Structure formats: C-alpha cells, structure tokens
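# Here's my sequence, what's the structure:
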Amino acid sequence: MTDTQQKFPKSFWTANLTELFERGAYYSMASFVVIYLGQLGLGDYWPSTLNGVLWTIVYFLPILSGTIADQIGFRRALLYAFVLLTAGYALMGWPVWFGGAALSATVGKEVTAGAGVVVPIVAGILLIGAGGSVVKPCISGTVQKTAGARATLAFAIFYMVINIGSLFGRGAGYFVRTRSSLPFIFAVAGVCALLALLTVLFLFRDPEKEAAAAGIPLAPPKPKKTIGKVLLDMFLVLRNLRFALFLIVSSGFFFLYSQVYNVLPLYLKKVVETNPPVDIYTMANPFVIVFFQLLITRLFGKMKPIRSIIVGIIIIGVSMALNLVPVYAAGGVRAAAGLLPLGSLFIVLSVARIAFGELFTSARTYEYIGALAPKGQEGLFLGYANLPVAIGSLLGGPVGAAIFNEVMCRNAVKRPDGLLDLDPQSAAAGWIILMSIGFASAASMWLYHRWIQKKA
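The predicted structure follows:
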C-alpha cells in the first residue's frame with residue numbers, strides 16, 4: 001500500500017475530535033463575552049479590553065507553548081491545557097454561580113464590579129488564553145505529522161472540523177442559555193473542555209508513539225528548541241524589516257475581524273435588541289466558510305496571494321459599511337425586516353461577508369509569508385504567522401470599544417427599555433471609521449507589496 005493510499009492513523013482522528021470539542025467550548029461563549037462582562041458591571045471599556053487580551057494570549061503564546069509541548073509531548077501538554085481550560089471556564093461563571101453577583105438587564109457605562117467579580121474573571125481569561133495557546137500547536141502539529149503525502153486533504157478536514165465545532169458550540173450555547181440564563185454558556189464551555197480532556201486521556205496517543213507501534217514511518221522530527229532559542233529566533237524574525245512591516249500592515253484585517261466579538265455584540269445589545277441571539281447571528285461566519293470554502297478556492301485559488309489578501313481586506317471593510325443602510329432606512333435599525341430587526345439582519349450580512357474576506361485572506365497569508373521569508377527560513381517565519389491576529393486583537397478590544405462608545409453612541413438618547421436611540425450622524429461616523437480602517441489597511445498592503453517588489 002502506498003503512502004497516498006494509507007488511512008490516516010488514529011491520532012489524526014482523535015486530534016480532530018479534540019479540536020471539535022475545544023472549538024465548541026470556545027465558541028459557545030465567545031459571542032457573549034463582552035455582553036456578559038458588561039452586565040457584570042465592568043463598564044464600557046474593560047469587557048472589550050479583556051476580550052482582546054484573551055485573543056492576544058491565544059495567538060501569541062503558541063510561539064512559546066508550542067516549544068514546551070514539543071519538549072513534554074503533545075498528549076501531556078493537551079492534558080494540562082484542558083485542565084486549565086476547564087478551570088478557566090468555571091471561573092468565568094464563578095461570580096454568578098458562587099459569588100452572589102447578579103447580571104444587570106443592560107450593559108452599564110461605569111465600573112461597578114468589585115474584587116469578587118474582577119479577580120475570578122481575570123484569572124479565568126488568563127487560564128483560557130494559556131490553555132488555548134497550548135492546544136493550537138499540539139493539534140495542528142499532530143495533523144501535520146500524521147498527514148503523510150495527503151497534507152492538503154488532512155488540513156482541509158482539520159479546517160472543516162474547526163468550523164463544525166464552531167457551529168456546534170454556538171448552537172449548544174444558545175440551547176442552554178435560552179433555557180436557563182446567560183452564565184450557563186460557561187457551563188457548556190466547561191463541559192466541552194472536559195469532554196476534550198477525556199478524549200485526550202483515553203483515546204489520544206502521541207503520533208510518534210502510535211507510528212512506532214504500528215511500524216508507520218513519520219517525517220523526520222524537527223530539532224527541539226529551548227525557550228532561549230525561541231526567544232532568539234523571535235528577535236531574529238522581528239528584526240527583519242520586511243516581515244515586521246508585514247505583521248503591522250496585515251494586522252488591520254484582524255483588527256476589524258475582532259469587532260465581530262467586540263463592537264457587533266455591543267451594537268446589538270445596546271442599540272438593536274434587548275436580548276439578541278448573538279450566537280445564532282454569528283453562525284453566519286462558520287456557515288459561509290463550510291459551504292463556500294471549496295468554491296472560493298476553485299474560482300480564485302490561482303489569484304496571486306497578495307491580490308487575494310487585498311481583496312479580503314477590502315471585503316471586510318465593505319462589510320462594516322453595510323451597517324450604514326439601517327441607520328438611514330425608514331424606521332431605523334429596529335424596523336421589522338421579516339423575522340429580524342433591520343439592524344440585526346445587516347449585522348448577520350456583515351458577519352457573512354467578513355467570512356468571505358477570511359476565505360480570501362487567511363490561508364493566502366501563510367503562502368505570502370512563505371514567499372517573503374529568507375531562503376531556508378520559511379518554517380521559522382511561518383511559526384510567527386499568527387502574530388497579526390495577536391496585534392489586531394490587542395488593539396481591537398480597547399479601540400473598538402472607543403469607536404463604539406465615543407463615536408457611535410455620541411449624543412445617543414436612552415429609551416425606557418434600556419436601548420439607545422443613536423444620532424444617525426454619529427452612528428454613521430462609527431461605521432465609516434471601521435470601513436476606512438479596512439480600506440487604509442488594503443492600501444497599505446498594496447504599497448507595502450510595491451515596496452517589496454522594488455527592494456527585490
């Protein structure tokens with residue numbers, strides 16, 4: 001039997017099952033983090049800032065946590081990671097379940113939460129970030145090691161599993177919270193993390209050990225790095241001006257992408273609906289990716305990477321501009337549009353369009369970095385490909401909150417039901433700023449590529 005005919009080993013499938021539960025855990029609560037923290041009394045800015053910190057940890061720490069996982073083995077690292085994740089999700093619900101805190105009906109402006117709320121929440125975010133940062137390199141590393149000659153198929157399955165997990169998590173979160181209360185989304189997340197822990201404990205084996213037992217040859221292992229070597233590599237990579245500038249320029253896309261979990265939930269909760277099903281609305285993202293990934297790849301796969309990246313950034317900029325329509329429509333954002341308020345309908349359209357931008361941008365970014373890296377150092381540079389996500393998320397939390405609170409909500413009038421009637425000019429200004437960030441990022445990427453071509 002040839003390598004291309006061999007079945008994927010068991011560790012490949014258990015790694016994907018583990019990823020499904022981990023993504024289900026995260027996305028069961030992701031759409032409501034800023035709303036939940038706002039209702040706990042963390043004010044206008046801390047919810048989005050803490051959410052940005054969470055994303056930053058998840059996407060920055062794999063540079064270090066991946067090295068630790070290589071040293072101790074993927075299975076042991078995953079066990080530690082899911083203990084951290086289970087504890088982190090429990091701490092997120094702790095203030096309400098055990099601390100006596102109550103959620104307010106609306107998201108307040110001022111910080112009213114005390115230490116009994118802030119301490120477990122911050123600890124929970126740090127644990128979720130640290131645990132998530134370990135899972136990423138372990139699962140993707142297992143997929144890579146077990147893919148053999150079918151890497152394209154292996155990663156297509158892996159990417160599909162991620163989005164199925166996203167759909168599963170959002171659906172399960174919606175089912176539970178609508179039959180109980182909002183804090184129980186963290187119970188869903190904790191149960192999913194616990195299921196992942198049990199999957200690793202009873203089913204997962206390190207791919208090297210499984211291959212050795214079955215007599216299956218794996219690709220030669222890469223040299224293991226010490227933490228000191230990782231830090232030195234980071235210095236060498238980031239001192240490369242071309243790469244450092246690319247990280248900055250490409251972070252604009254992820255700045256806007258982070259607003260799906262910062263500005264958009266706040267806009268829905270404070271302006272459009274008193275109890276918006278944000279988890280259902282944001283399902284538009286994984287649905288688009290699952291159903292259109294192959295089509296977009298077939299139609300536009302031959303497009304040059306830089307052109308594809310720029311198209312994706314423009315798409316995400318336009319997705320923000322879509323929300324100008326309800327602002328000026330007759331009846332405003334709360335006008336009925338079938339089963340949804342008009343503002344909610346256009347948020348769903350925005351999320352779906354953002355997913356198209358992701359299809360054009362995310363995978364092609366890796367391809368572009370591979371071409372950008374010095375000869376023989378492609379693997380090293382690709383290890384830092386998630387840094388734009390970390391940069392965009394770190395800025396996206398507080399800056400997104402400022403755009404929403406200081407621009408969109410300027411001159412807003414509070415209604416008896418707690419929702420805000422926005423001044424149309426202020427609301428439009430906020431969406432135009434977000435759109436302009438996307439267009440400026442696309443223009444910067446084009447200028448950057450022209451500079452690279454001249455340097456070459």
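
# helices or strands up against the helix or strand containing Ile157?
Using DSSP states H and E, Ile157 falls within helix 151-179. Identification of packing neighbours for helix 151-179 by 3 or more Cβ pairs under 8 Å, 6 or more residues apart in numbering; DSSP states H and E yields helix 10-30, helix 115-146, helix 185-202, helix 278-281, helix 284-300. For the C-beta atoms, the positions are set from N, CA and C on the backbone; glycine is no exception.

# Only the buried residues of it, if you could.
154, 157-174, 176-177 (16 or more other Cβ atoms under 10 Å).

# so where is the stretch 201-350 of the chain shaky, pLDDT-wise?
211-224 (pLDDT under 70).

# what's the burial count for the nearest residue to Ala105 once chain neighbours are set aside?
The spatially closest residue to Ala105, leaving aside those adjacent along the chain, is Gly418, at 6.2 Å (Cβ to Cβ, 6 or more residues apart in numbering). Residues lying near Gly418 (other Cβ atoms under 10 Å) number 14.

# how close does Gly418 get to Ala77?
To Ala77, Gly418 is 45 Å away according to Cβ to Cβ, to the nearest Å.

# for Ile313, what are its contacts?
Gly252, Phe253, Gly357, Thr361, Gly438, Ser441, Ala442, Met445 (Cβ atoms under 8 Å, 6 or more residues apart in numbering).

# Find the nearest non-adjacent residue to it, please.
Ala442 (4.1 Å).

# which element is that neighbour on?
Counting by DSSP H and E, Ala442 is part of helix 424-455.

# list the helices and strands that helix packs on?
helix 241-258, helix 305-321, helix 324-328.

# buried set for the longest one?
Meaning helix 241-258. Of the residues in helix 241-258, 243, 246-247, 249-258 count as buried by neighbour count, 16+ other Cβ under 10 Å.

# Who are the packing partners of whichever helix or strand comes after that helix?
Of the helices and strands lying after helix 241-258 in sequence (DSSP H and E), the nearest is helix 263-267. If contacts are counted by 3+ Cβ pairs under 8 Å, 6+ apart, helix 263-267 sits against helix 33-39, helix 342-372, helix 387-402.

# Please enumerate residues in contact with helix 263-267?
By Cβ under 8 Å, 6+ apart, helix 263-267 touches 31-32, 34-35, 38, 48, 107, 276, 278, 282, 323, 343, 347, 350-351, 400-401, 403-404, 408, 434.

# Quick one: residues contacting Ala337.
Ser344, Leu345.

# Quick one: end-to-end length of stretch 209-228, please.
Using Cα to Cα, to the nearest Å, the end-to-end distance of stretch 209-228 comes to 27 Å.

# so how far is Glu210 from Leu197?
19 Å.

# and what of Phe246?
Going from Phe246 to Glu210 by Cβ to Cβ gives 37 Å.

# contacting residues for Gly88?
Per Cβ under 8 Å, 6+ apart, neighbours of Gly88: Ala123, Gly124, Ile125, Leu126, Leu127, Ile128, Gly129, Gly131.

# circling back to that earlier point, and the angle from the helix holding Ala442 to helix 342-372?
With axes from the mean of the first three to the mean of the last three Cα atoms, to 10 degrees applied, the angle from helix 424-455 to helix 342-372 works out at 10 degrees.

# Buried residues, helix 424-455. List them.
For helix 424-455, by 16+ other Cβ under 10 Å, it's 426-428, 430-431, 434-435, 437-439, 441-442, 444-446, 448-449, 452.

# tell me the mean pLDDT for that helix?
Averaged across helix 424-455, pLDDT comes to 95.

# Centre of the chain to that helix, how far?
21 Å (Cα atoms, centre = their mean, to the nearest Å).

# Confirm Ala330 sits in a helix?
No - counting by DSSP: H, G, I helix; E, B strand; the rest coil, Ala330 is not part of a helix but coil.

# any idea how far it lies from Val413?
19 Å.

# more crowded one of these two?
More neighbours surround Val413 than the other of Ala330 and Val413, with 9 against 6 (other Cβ under 10 Å).

# Any idea what the more buried one is bridged to?
Asp421 (DSSP bridges).

# Pretty sure it sits against Leu420.
Yes - contact criterion Cβ atoms under 8 Å: Val413 and Leu420 qualify, at 7.0 Å.

# Tell me which two of the contacts of Ile313 sit farthest apart.
Spanning the widest gap among these are Gly357 and Met445, at 12.8 Å by Cβ to Cβ.

# returning to what we had before: how far away from the center of its chain is the helix holding Ile157?
That offset, for helix 151-179, works out to 13 Å (Cα atoms, centre = their mean).

# what's the angle from that helix to helix 115-146?
On the basis of the same axes, to 10 degrees, helix 151-179 is oriented at 150 degrees to helix 115-146.

# Burial check on Leu299, number of neighbours?
Residues near Leu299, counting by other Cβ under 10 Å: 10.

# wait, Gly228
Neighbour tally, Gly228, other Cβ under 10 Å: 8.

# For it, list the residues it contacts.
Gly228 sits in contact with no residue, where contact means Cβ under 8 Å, 6+ apart.

# What sits closest to Ile306 if chain neighbours are left out?
Leaving out its chain neighbours, the residue that sits closest to Ile306 by Cβ to Cβ, 6+ apart is His449, at 4.7 Å.

# And what about Phe8, helix, strand or coil?
coil.

# So the closest residue to Lys145 other than its chain neighbours versus Thr14, what's the distance?
Leaving out its chain neighbours, the residue that sits closest to Lys145 by Cβ to Cβ, 6+ apart is Pro207, at 4.5 Å. Separation of Pro207 from Thr14 (Cβ to Cβ): 10 Å.

# Between these two, which has more neighbouring residues?
Using other Cβ under 10 Å as the criterion, Pro207 and Thr14 rank with Pro207 on top: 23 against 20.

# State the distance from the residue nearest to Ile306 to Gly438.
Taken as Cβ to Cβ, the span from His449 to Gly438 is 17 Å.
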